[in-house]
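1. What would the 3D arrangement of this be:
(one chain, ligands or ions: 1)
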Amino acid sequence: MSKSLVSSPVIKRLPRYYRFLGDLESQGIVRISSRELSQRMGLTASQIRQDLNCFGGFGQQGYGYNVSELREAIRDILGVNAGNKAILIGAGNLGRAVTAHIDFPKRGFELIGIFDSDPDKIGKTMSGISISNVNTLEEFCSKNEPVCAIFCIPKDAAAKLAPKLIASGVKGFWNFSHYDFKPDDDVVVENVHLADSLMTLAYGLNNYSEDSAEKK
Ligand code: NAI
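-> Next comes the predicted model:
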């Protein structure tokens, strides 16, 4: 799978631009200068220009950005309209929270299946989708061709299922499990680890100084 030419920090900022522009749009704001956008977002105007220039640049000197046009362009860059078919594995506490709180269609995905190995869960529904037996996963994949899998399962289970899903054509993983994909798996992986984020906060607090906080 070819890697994106745009750096990962830039890509990670795009959803935030998209969210801010959506807020501006709902406030009826039609255009915004890069200076004002930068003040609202806590970035520098030059950072915003540099980020958007990675995609050909938007906005005009003296006019700024047309809010809906820029939002639409970022939506297309992100592929939020793509309707990528996704399956979720692990209908436990985390799986339930993810399906209840994430608006998949709004983020570019269509959740088409949920799988678990627990006989007590199989056949029940979660967010309107019937939970299927994980033994039927490969058959389901060959019939429905999901491109993305969401891992809400323990590490060992993820280690066993990842190669099968990759062989079945899954190209992207939203990985909440503590399984580490290997570089030669040749798939797109977005790891989400709440504990890592908390430890990053611990580092920030450990290195907090009044001086650096005032400069922000
Ligand atoms: P849970 O025990 O409530 O749910 C796990 C579910 O996975 C159960 O329904 C179980 O039957 C199912 N499962 C186990 N092996 C399976 C397999 N081979 N195939 C299909 N389904 C299988 O646990 P919870 O709280 O939902 O957490 C799930 C995993 O996510 C845990 O291993 C935990 O370490 C991890 N986790 C990660 C977080 C993060 O920030 N990345 C946060 C919370 C949990």
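
2. which SSE is Ser130 in?
-> Taking DSSP states H and E as the criterion, Ser130 maps to strand 129-133.

3. Now that strand: buried residues?
-> 131-132 (16 or more other CB atoms under 10 Å). No exception for glycine: its C-beta is placed from N, CA and C like everyone else's.

4. Just say helix, strand or coil for Asp120.
-> The three-state assignment at Asp120 reads coil, by DSSP: H, G, I helix; E, B strand; the rest coil.

5. Show the average pLDDT along the helix or strand containing Tyr18.
-> Assignment of secondary structure by DSSP H and E places Tyr18 within helix 8-26. Average pLDDT, helix 8-26: 93.

6. Show the subsequent helix or strand relative to it.
-> Next in sequence after helix 8-26, counting helices and strands by DSSP H and E, comes strand 31-32.

7. wait, does the lengthiest strand in the chain make contact with the ligand?
-> Among the segments of the chain that qualify as a strand by DSSP state E, the longest is strand 109-116. Yes. Strand 109-116 is in contact with the ligand by CB under 6 Å from any ligand atom, via 115-116.

8. So what touches that strand?
-> By CB atoms under 8 Å, 6 or more residues apart in numbering, the residues outside strand 109-116 that reach it are 83-92, 95, 99, 104, 122, 126-127, 129-134, 136-137, 140, 144, 146, 148.

9. What pLDDT is listed against the closest residue to the ligand within the chain?
-> Shortest the chain-to-the ligand distance, computed as CB to the nearest ligand atom: residue-wise this is Gly92, at 1.7 Å. Listed pLDDT for Gly92 reads 98.
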